[in-house]
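Chemist: Attaching a predicted model along with its sequence, questions to come.
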Amino acid sequence: MPTQIKNVSDQPNIQHWESRTQMAAAFRWTARLNMHEAVANHFSLAVNEDGTKFLMNPDQAHFARIRASDLLLLDANDPGTLDRPGAPDPTAWGLHGAVHRRCPHARCVMHTHSIHATVLASLADSRLPPIDQNCATFFNRYVIDEGYGGLALEAEGERCAAQLQDPSKKLMIMGNHGVLVLGDSVADAFNRMYYFERAAETYIRALQTGQPLRVLPDAIAEKTAAELDGYPGQSDKHLSELMAILDDEGSNYAS
């Protein structure tokens with residue numbers, strides 16, 4: 001990973017440099033996987049103990065161009081955030097600010113409108129049955145929001161955050177909207193987001209066959225999910241390999 005820059009107290013845009021480079025890599029790969037939506041989606045990462053100070057992408061920036069130094073450093077408890085120059089997108093502030101304010105366990109928060117997750121969120125029954133290993137990963141580990149109330153401005157953000165108080169629920173299927181993924185780190189959240197999109201795609205494609213589904217028993221699904229919860233180092237290695245590819249390509253993400 002890029003070397004941590006030191007002595008940056010007078011340069012806010014390069015504080016938390018390692019975290020910034022990881023976030024920038026996650027943005028670049030999300031765009032490469034076509035899991036973004038124009039300039040409308042947002043990722044955030046808590047950088048203090050109670051989670052209220054966080055990094056987030058700037059307003060209307062395309063994921064494919066975001067650099068580590070571009071990320072905003074925000075305070076979820078600062079009511080004047082939207083009134084300042086360089087303010088974040090209002091819906092990003094409404095949703096991510098509320099989650100970081102109310103859910104200290106949500107260290108990294110990734111919100112996308114990725115295609116298959118959004119298709120799942122658009123079904124009357126948005127549950128993800130454990131029909132394969134990827135789907136089983138999320139068994140009993142998500143919540144479904146069935147009360148979509150419009151753009152994720154502050155009231156909507158607070159409503160969503162209120163449903164994420166249980167630390168065992170690492171993902172919200174946002175009915176009529178998309179997906180919100182929580183993680184202990186950038187690598188953890190990105191890995192979960194990636195595999196959820198894969199799982200949703202498998203399920204949607206299985207439904208398209210019109211054939212009966214082979215659903216795992218609850219006990220096996222839970223066993224599989226627990227085994228994957230404790231699988232050593234997989235998410236960190238996933239992200240570090242993606243960063244290595246970007247470095248090999250000469251990407252400017254870590255600038």
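Modeler: Yep, it's here.
Chemist: Just give the nearest non-adjacent residue to A68, would you?
Modeler: The shortest distance from A68 to any non-neighbouring residue, by Cβ to Cβ, 6 or more residues apart in numbering, is to R20 (3.7 Å). Any C-beta I mention is one placed from the backbone N, CA and C, and that applies to glycine too.
Chemist: Can you name the next helix or strand after the host helix or strand of that neighbour?
Modeler: Assigned by DSSP states H and E, R20 belongs to helix 17-32. Next helix or strand after helix 17-32 toward the C-terminus (DSSP H and E): strand 42-46.
Chemist: residues of the helix or strand following that next one that come out buried?
Modeler: Of the helices and strands lying after strand 42-46 in sequence (DSSP H and E), the nearest is strand 53-56. Neighbour-count burial for strand 53-56, counted by 16 or more other Cβ atoms under 10 Å, picks out 53-56.
Chemist: just checking, what packs against strand 53-56?
Modeler: In terms of contacts (3 or more Cβ pairs under 8 Å, 6 or more residues apart in numbering; DSSP states H and E), strand 53-56 is packed against helix 17-32, strand 42-46, strand 72-75, helix 90-102.
Chemist: Buried residues in the first one, which are they?
Modeler: Okay, so that is helix 17-32. Buried, per 16+ other Cβ under 10 Å, within helix 17-32: 17, 19-31.
Chemist: Over to stretch 55-66?
Modeler: 55-58, 61, 63, 66.
Chemist: Output these in TSV, with pLDDT and distance to G94 appended to each entry.
Modeler: Putting the buried residues of stretch 55-66 into TSV (pLDDT from 0 to 100; distance: Cβ to Cβ, whole Å) gives the following:
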residue	pLDDT	distance to G94
L55	98	17
M56	98	12
N57	98	15
P58	97	16
A61	97	18
F63	98	20
I66	98	20
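Chemist: Let me know the closest of the residues you listed to R198.
Modeler: Using Cβ to Cβ, F63 is the member of these that lies nearest R198, at 18.7 Å.
Chemist: Quick check: that closest one touching A25?
Modeler: No. With contact defined as Cβ atoms under 8 Å, F63 does not count as touching A25 (10.8 Å).
Chemist: Okay, now the unreliable bits of this structure?
Modeler: Counting by pLDDT under 70, the chain shows low-confidence ranges at 1-12.
Chemist: Work out for me the element L207 sits within.
Modeler: Using DSSP H and E, L207 sits within helix 186-209.
Chemist: picking up where we left off before, am I right that the residue nearest to A68 is in contact with L73?
Modeler: No. Applying Cβ under 8 Å, one finds R20 not in contact with L73, separated by 9.3 Å.
Chemist: hey, what's in contact with both of these two?
Modeler: With contacts defined as Cβ atoms under 8 Å, 6 or more residues apart in numbering, the residues shared by R20 and L73 are L55.
Chemist: Output the buried residues of helix 17-32 as CSV; include the columns distance to H238.
Modeler: Formatted as CSV, these follow (distance: Cβ to Cβ, whole Å):
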residue, distance to H238
W17, 21
S19, 17
R20, 19
T21, 15
Q22, 11
M23, 15
A24, 16
A25, 11
A26, 10
F27, 15
R28, 14
W29, 10
T30, 13
A31, 17
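Chemist: quick revisit: and of the helices and strands packed on strand 53-56, who's closest to A254?
Modeler: helix 17-32 (4.3 Å).
Chemist: Kindly format the C-alpha coordinates of that closest one as PDB.
Modeler: Extracted in PDB, the C-alpha atoms of helix 17-32 (Å, rounded to 0.1, in the frame of the first residue of the first chain):
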ATOM      1  CA  TRP A  17      -3.700   9.100   4.200                       C
ATOM      2  CA  GLU A  18      -3.800   5.300   4.300                       C
ATOM      3  CA  SER A  19      -7.600   5.400   4.800                       C
ATOM      4  CA  ARG A  20      -7.900   7.900   1.900                       C
ATOM      5  CA  THR A  21      -6.000   5.700  -0.500                       C
ATOM      6  CA  GLN A  22      -8.100   2.600   0.400                       C
ATOM      7  CA  MET A  23     -11.300   4.600  -0.100                       C
ATOM      8  CA  ALA A  24     -10.000   6.000  -3.500                       C
ATOM      9  CA  ALA A  25      -9.200   2.500  -4.600                       C
ATOM     10  CA  ALA A  26     -12.700   1.300  -3.600                       C
ATOM     11  CA  PHE A  27     -14.300   4.100  -5.700                       C
ATOM     12  CA  ARG A  28     -12.200   3.300  -8.700                       C
ATOM     13  CA  TRP A  29     -13.000  -0.400  -8.600                       C
ATOM     14  CA  THR A  30     -16.700   0.200  -8.000                       C
ATOM     15  CA  ALA A  31     -16.800   2.200 -11.200                       C
ATOM     16  CA  ARG A  32     -14.800  -0.400 -13.100                       C
END
